[in-house]
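# coords please:
(2 chains)
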Amino acid sequence: DVKVTQSSRYLVKRTGEKVFLECVQDMDHENMFWYRQDPGLGLRLIYFSYDVKMKEKGDIPEGYSVSREKKERFSLILESASTNQTSMYLCASSVQGANNYGYTFGSGTRLTVV
Amino acid sequence: GQNIDQPTEMTATEGAIVQINCTYQTSGFNGLFWYQQHAGEAPTFLSYNVLDGLEEKGRFSSFLSRSKGYSYLLLKELQMKDSASYLCASEGWGKFQFGAGTQVVVTP
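Numbering: from 1, shown residues only, chains lettered A, B, ... in the order given. Coordinates of the predicted model:
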């Protein structure tokens, strides 16, 4: 089975802290994505990457950065956490090109910033 | 631009049928996906449509009309475990745009 693993299921951080959310996939997928999910707003794309060392801004990149040093790992960084970044964060991966299965999602990290 | 619309909530009884509609406007449209998401869990893949028509998978079917920018997910013989949020997602230029999800509540 394709697996996308997010390092933490629940995190509580203080305002101003630097936060790292890690995501690893084991199926050699080229594409990786970070979303946040909030009630009534659905999934919103933060950043994505189509290749190692490549990154593109999604719809809501402000306050976030990413790193993709290896194909299997895509990290989301909150440079200085704020309370409005309290959310569920979902990592996803997919193959490049024609794709009948869409994304495979990780189990999510519920981040609370206090 | 990109826009996905689907109803917020639907309620149905066990054994019934429910149809969740989704309209989309997606640049470079490549396909339409439906995902199921139970509370506190990650979305899981349900179906994929790229050509017009109906795709049937057991109790679940999905329909696509590309010319109308319209899809629906049909859930038949509803079971209590089908209570979940159902996400419509369109793919364009390799990126997915998600609707806010339709919460389906199945009652006894």
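# separation between the residue lying closest to A:His29 once chain neighbours are set aside and chain B?
Of all residues not flanking A:His29 in the chain, A:Ser93 sits nearest, at 3.9 Å (CB to CB, 6 or more residues apart in numbering or on different chains). Quick note: C-beta positions are derived from backbone N, CA and C, even for glycine. Look at A:Ser93 and chain B: by CB to the nearest CB, to the nearest Å, they are 12 Å apart.
# Quick check: chain neighbours aside, which residue is closest to A:Leu78?
A:Val19 (4.1 Å).
# Which pLDDT value goes with the one you found?
Per-residue pLDDT puts A:Val19 at 97.
# Report how many residues lie close to it.
As a burial measure, A:Val19 scores 20 neighbours (other CB atoms under 10 Å in any protein chain shown).
# list the contacts for it?
Neighbouring residues of A:Val19 by CB atoms under 8 Å, 6 or more residues apart in numbering or on different chains: A:Leu11, A:Lys13, A:Ile77, A:Leu78, A:Ala81, A:Leu111, A:Val113.
# Go ahead and build a PyMOL selection from the buried members of those residues.
Selection of buried members from the contacts of A:Val19 for PyMOL, criterion 16 or more other CB atoms under 10 Å in any protein chain shown:
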select buried, chain A and resi 11+13+78+81+111+113
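# which one of the contacts of A:Val19 is nearest chain B?
Looking at the contacts of A:Val19 and their distance to chain B, the nearest is A:Leu111, at 14.0 Å (CB to the nearest CB).
# Go ahead and report the secondary structure state at the residue nearest to A:His29.
strand (DSSP: H, G, I helix; E, B strand; the rest coil).
# Please look at it and A:Asp28 and confirm they touch.
No - the criterion here is CB atoms under 8 Å, and A:Ser93 misses it with A:Asp28 at 9.4 Å.
# The two: which has the busier surroundings?
A:Ser93 (26 against 10).
# beta partners of the more buried one?
Taking DSSP bridges as the rule, A:Ser93 bridges to A:Met32, A:Thr104.
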